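please find the sequence and the predicted model below.
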Amino acid sequence: MSNVGIVIVSHSPLVAEGTADMVRQMVGDEVPLAWCGGNGHGGLGTSVEAIMGAIEKAWSEAGVAILVDLGGAETNSEMAVEMIGEPRAQKIVVCNAPIVEGAVMAATEASGGASLKEVVATAHELSPA
Amino acid sequence: MADMATADLSRLIEAAADTIAAHADELTALDQAIGDGDHGLNMKRGFEAVRAEADAFAAKPLPEALKAIGTKLVMTVGGASGPLFGTLFMALGKEISAGPDRATLTMAFGKAIEAVAARGKSQTGQKTMLDVLQPVHEALAEEKTAAEIVAVADRAAQATVPMKALRGRASFLGDRSIGHMDAGARSTALLVRAVAETIERHA
């Protein structure tokens, strides 16, 4: 599959999984999709290791768009992308968009075969600067 | 303050992990006031993970040891503090030499602070750990003694109390963040004290 992959990163595994369910309802299996949530120790938070695993799972040669909730999810996702390193890092973008709407819109765009740039732009339209 | 080459890294790790463990409840209370309340537990988890492998870290040359400690913190802390403190150590390791003198330490510390600022998209004056790191860097550059540097760090953490948070979860509170010490500034000051006093004691 060459569609852009979507990764959902929330502080809460329930939010991440629920968001993924909503994405699946919209695009089925046409888009590589993975989610992670929680600090890996049973609490709320995000884990760089789990994010790296989710990127691996949703990996597509077309790239991966990551949707995050609060600041720590963004910081940890940026760290994960850096640790994955080049050449793949340049094909991974942490989106500035609301997590639920952003994930559903980005995945819908991705399911039509859009490029990573187009997918990210669609998500970013939800967050006027 | 003596240079870091004379200090046993495993002693520094013990001192850092000890102070974080001893103050975990205080850090959590600070974070509960204006954040999500996980700072003490997260930092303790990270520094205990570093302590558990202290011998392995101490066996490496200083640059590699600091990079490995940073990576361990990134992987174990589990909040935004993980990438921020992890980046501090990773960048310090990248810039420092195996037996750094004061000038090299100061230079590397300055670069590490820039890396933390970039990671957090932040700058001084926003009620964060940078508000302690920056004055400590200046004190290092001004050849201050260990005791003076510790005092600078404590004063700097205290100075975050009247600040309004502009980054992180505390920024959601706006003016209500005023009147509380930033938890990351406090943990940074604790680490500065642990490192400075350990180096001084064993110099």
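Done, it's in.

all helices of the chain, in order?
Let's take chain A. A:13-27, A:48-57, A:71-84, A:99-111, A:116-124 (DSSP state H).

nope, chain B
Under DSSP H, chain B gives helices at B:9-22, B:24-34, B:39-52, B:54-58, B:62-76, B:81-95, B:102-119, B:130-141, B:146-158, B:183-201.

which of the ones you listed sits closest to chain A?
Taking CB to the nearest CB, helix B:81-95 is the member of the helices of chain B nearest to chain A, at 4.0 Å. For every residue, glycine as well, the C-beta is placed using N, CA and C.

how about low-confidence regions in the chain?
Since you didn't name a chain, this refers to chain A. Residues of chain A that meet the criterion pLDDT under 70 lie in A:1, A:129.

should've been chain B
Low-confidence segments of chain B, defined by pLDDT under 70, are located at B:1-7, B:203.

can you list the residues of it near chain A?
B:36, B:38, B:41-42, B:45, B:71, B:74-75, B:78-80, B:82-84, B:86-87, B:119-120, B:167-169 (CB under 8 Å from any CB of the partner chain).

still on that earlier bit, same list (the helices of chain B) but as CSV, adding mean neighbour count.
Putting the helices of chain B into CSV (neighbours: other CB atoms under 10 Å in any protein chain shown) gives the following:
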stretch, mean neighbour count
helix B:9-22, 19
helix B:24-34, 20
helix B:39-52, 22
helix B:54-58, 15
helix B:62-76, 22
helix B:81-95, 24
helix B:102-119, 18
helix B:130-141, 21
helix B:146-158, 19
helix B:183-201, 23
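
which bits of chain A sit near chain B?
Residues of chain A found near chain B (CB under 8 Å from any CB) are A:39-41, A:43-49, A:70-72, A:75-76, A:78-79, A:83.

what about burial for the residues you listed, which qualify?
Among those, the ones that count as buried by 16 or more other CB atoms under 10 Å in any protein chain shown are A:39-40, A:44-49, A:70-72, A:75-76, A:78-79, A:83.

of the residues you listed, closest to residue B:144?
Each of these was scored against residue B:144 by CB to CB, and residue A:75 proved nearest at 31.1 Å.

quick check: the closest one touching residue B:119?
Yes. Contact criterion CB atoms under 8 Å: residue A:75 and residue B:119 qualify, at 6.6 Å.

mind listing the shared neighbours of the two?
When contacts are counted by CB atoms under 8 Å, 6 or more residues apart in numbering or on different chains, residue A:75 and residue B:119 have B:83, B:84 as shared neighbours.

residue contacts, the residue nearest to residue B:173 when sequence neighbours are not counted?
Leaving aside its sequence neighbours, residue B:173 sits nearest to residue B:34 (CB to CB, 6 or more residues apart in numbering or on different chains; 5.6 Å). Residues near residue B:34 by CB under 8 Å, 6+ apart: B:165, B:169, B:170, B:173, B:176, B:177, B:180, B:182.
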